[in-house]
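Q: no sequence for this one, just the structure:
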C-alpha cells in the first residue's frame, strides 16, 4: 500500500463479512435490550457488482426508504431511513427537535408500511403545531426556526456531576463490546450506528443510513420507556458536530463518545454545558475534548500494547 | 491491535498531520481551479484536549457555523457549514433542491459574515417561492414536498453514453491525486470532501462539515461558471445514498465515485438513470455498482501489488 492509499481513510468499512465480528466473552451482550436484526431481508439485500478487474461479485447493501413523520395532522419531515423501528424514529425525531416534550403524553403512534408514514398522536394539539401554523405564514419553512429553538434549548443547561467516575478501562471494554454487536454495519457497511450504555454494558443499539436517525431512534425508546439518562453513556459512529452535542445534552445524557472526529463548535458547546465529550475512541486510544472530571484515568500506566 | 479494534472502522481519520499528505508527481494538481485553504484560521482552530492517559495535547479542529440561505425574501434553510464559499453553497443548495434552474439568471448573491446570511437574488420572483407560499398554508413545512420534487426530477432521466471510456488506471491515478490535495481533512479531520474531475485531473475540490454542503458548493460553482457536466467525474468521501445519487444525476454528471459504502436504493436509482456508480474506491480497489459500460477495465492483468 502506498502512502497515498494509506491516507485515504473511509467513512465506513471496505466490504465486511459478518465473520469479521470479533470474538467476545460469554454474556457480554446480555445487557442489550434492543438491537437491529441483520438477518431481516427488509433491511439489507444482495446485489451484483463488478470489481476493479471486471469480475462479477455479490455483496450486501443496506436498504433505504422514505419515512414521512406527522405530528397529529401536521406533516413534519420526510427522512430517509433503513426502515426498522419507524415508530421510535418518529417519536425520537419530534422529541429531539423540541416539538414534543420528553415526557409528552402520547396517545399512540400509527405506522403504515406501504405509505411510509408514521403519525405520532397526542391527546391535544401541541404548542409546536400552533407555533408552526403561525410561523409558516411568514417564514415559508420552519427549518430555520427549528434550529434557533434547538440552540435555545441548550442555553443555561449544565449537566450535573453526580455518580462515580467512569474508568477509562471500563470505557474501552464497552467499545470492544459495541464492536461485536451483530449489526447491519458488519453485514453490509454503509450505515451509522449508535448506542446507549451504562458503564461497560450496551443497553440499546440502533443503526440507520442517516446518523441522526439512529440517535432519534434511541431518543424515541428513551421517551417511550421513560429511561433515566443520568449516568448513561451515549456512543455514536458519527462525527461530533454541534448538532450531535445539542441532541445529547437535550437528551440529558452526561457522556458522549465517538470513534470519529469533531468540530470546534461541537467541543465549545460541550464545554458550555458540562458534557463529557470523547472523540476518536478506537481500541485503547481516545481524545477527551470536554468534561474530563467524570473520568478516571486508570490506564495511564498501561503500556498500550 | 485486537480483532475487535481492527473491526472498528472510522468515519474519518485518527489524528492527522499535514505531513501525512502523500508525495505526488510535479504538476499533478495544476488542473485544480478552486480548493479549500487549510491555512485559513476561520476554517480550523487549535484546541487543548486530554489523551487517554490524562495528558494534555493540542489538536486542530474544524470550525462550524450556521449559514441561513434566502431565495429573494424567502428564508429557505439554515445549514451548518465550515464557512468557506458561502455564496457558492447558497446558490448550489437552491439549484440542487430544484428551487432554481441550473441556468437561472442570478442578479447577485449577498453574503453577510456577521449575520451568517446568504441571499440569492433573481430578477423576478421564482416559481419555487410562489409554490412555497401556496403549499405552506396547508402542509406546514415544505421539506416533504421538496423531497417529492427531487424524486420527480429523476423520473425519465437517462444519462447519455457519449465520449471515450474511462480506464480504471486513469481513475486510480485521479484518486491518488485527490488524496494529496492540501485539505482541512489532512489538517484537522472531521470533514467531508468532494471533487469535480475530468479523467485524472481534479478541477474543483470542496470540503464541509456537512457532506451535502460540499456537493452543493460544487453545484454552485458549476451553475455560476456554466460548467458542462458531460464527461466529468464527481468524487465524494461520503456514502452513496439515494440523495447523493439524485444530486449527481440532476447535476448531469455521468460518473460518481466514493471511497465509502452505498445503499441498495442508491444503486437502484443509479441503474435507473444510467449513472456510473463506483463505491469503496481506495487505492487500486473499487466496486462498480452501475454503468460499467463507461469504464475500460485495463488493470485486469495487474497483480495488484
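A: Structure received. For clarity, every value in this text was computed on a predicted model and none was experimentally measured. Numbers count the residues shown, from 1 in each chain, chains lettered A, B, ... in the order given.
Q: ranges for the strands of chain A?
A: Assigned by DSSP state E, the strands in chain A fall at A:44-51, A:56-62, A:65-71, A:74-81, A:108-112, A:117-121, A:166-167, A:192-198, A:201-208, A:233-236, A:255-258, A:276-282, A:285-290, A:295-296.
Q: Ok, which of the ones you listed comes nearest residue B:115?
A: Residue B:115 lies closest, by C-beta to C-beta, to one member of the strands of chain A: strand A:74-81, at 25.9 Å. Every residue, glycine included, has its C-beta placed from N, CA and C.
Q: In terms of secondary structure, what does that closest one contact?
A: When contacts are defined as 3 or more C-beta pairs under 8 Å, 6 or more residues apart in numbering or on different chains; DSSP states H and E, strand A:74-81 sits against strand A:65-71, helix A:86-96, helix A:127-139, helix B:143-154.
Q: now with 6 Å?
A: strand A:65-71, helix B:143-154 (3 or more C-beta pairs under 6 Å, 6 or more residues apart in numbering or on different chains; DSSP states H and E).
Q: That strand versus strand A:201-208: what angle between them?
A: Put simply, strand A:74-81 runs at 100 degrees to strand A:201-208, going by axes from the mean of the first three to the mean of the last three C-alpha atoms, to 10 degrees.
Q: distance of residue A:283 from chain B?
A: Residue A:283 is 4 Å from chain B, where distance means C-beta to the nearest C-beta, to the nearest Å.
Q: right, I mislabeled it, should have said residue A:82
A: 8 Å.
Q: swap in residue A:280?
A: For residue A:280, the distance to chain B equals 6 Å [C-beta to the nearest C-beta].
Q: So for that residue, what's the pLDDT?
A: Note for residue A:280: predicted pLDDT of 96.
Q: Can you name the residues bridging to the closest residue in space to it that isn't next to it in sequence?
A: In this structure, residue A:280 finds its nearest non-sequential neighbour in residue A:287, 4.6 Å apart by C-beta to C-beta, 6 or more residues apart in numbering or on different chains. Residue A:287 forms beta bridges with residue A:279, residue B:51, as assigned by DSSP bridges.
Q: What number of residues are in the vicinity of residue A:287?
A: A total of 22 residues lie near residue A:287 under the criterion other C-beta atoms under 10 Å in any protein chain shown.
Q: Please identify which of the strands of chain A is closest to residue B:212.
A: That would be strand A:74-81 among the strands of chain A, by C-beta to C-beta, at 11.9 Å.
Q: For that closest one, buried residues please.
A: A:74-81 (16 or more other C-beta atoms under 10 Å in any protein chain shown).
Q: same question, stretch A:61-78
A: A:61-72, A:74-78.
Q: about what we covered before: quickly, which of the helices and strands packed on strand A:74-81 bottoms out on average pLDDT?
A: helix B:143-154 (a mean of 58).
Q: residue of the stretch 51-200 of chain A with the smallest distance to chain B?
A: The minimum distance from the stretch 51-200 of chain A to chain B, using C-beta to the nearest C-beta, falls at residue A:190 (3.0 Å).
Q: I'd assumed residue A:64 was in contact with that residue.
A: No: under the criterion of C-beta atoms under 6 Å, residue A:190 makes no contact with residue A:64, lying 9.0 Å away.
Q: Find residues that contact each of the two.
A: residue B:263 (C-beta atoms under 6 Å, 6 or more residues apart in numbering or on different chains).
Q: still on that earlier bit, of the strands of chain A, which is nearest residue B:117?
A: Across those, residue B:117 has its closest neighbour in strand A:74-81 (23.3 Å, C-beta to C-beta).
Q: Just list the residues touching residue A:56, thanks.
A: Listed by C-beta under 6 Å, 6+ apart, the contact set of residue A:56 reads A:48, A:50.
Q: What score does residue A:78 have for pLDDT?
A: Value listed for residue A:78 in the pLDDT field: 88.
Q: what about it, distance to residue A:90?
A: 11 Å (C-beta to C-beta, to the nearest Å).
Q: what does residue A:103 give?
A: 17 Å.
Q: With residue A:190 instead?
A: 23 Å.
Q: Equivalent analysis for residue A:263, please.
A: Distance from residue A:263 to residue A:90, by C-beta to C-beta: 28 Å.
Q: And for residue A:214?
A: Residue A:214 is 14 Å from residue A:90, by C-beta to C-beta.
Q: One more: residue A:112?
A: For residue A:112, the distance to residue A:90 - C-beta to C-beta - is 11 Å.
Q: and the closest residue to residue A:80 other than its chain neighbours, what does it touch?
A: Computed as C-beta to C-beta, 6+ apart, the closest residue to residue A:80 that is not its neighbour in sequence is residue A:64, at 5.4 Å. Applying C-beta under 6 Å, 6+ apart to residue A:64 gives the contacts A:80, A:209, B:241-242, B:263, B:265.
Q: Helices - which of those residues land there?
A: B:242, B:265 (DSSP state H).
Q: Tell me the one of the contacts of residue A:64 nearest residue B:173?
A: Taking C-beta to C-beta as the measure, residue B:173 lies nearest residue B:241 of those, at 26.9 Å.
Q: What is the neighbour count of the closest one?
A: By other C-beta under 10 Å, neighbour count at residue B:241 equals 24.
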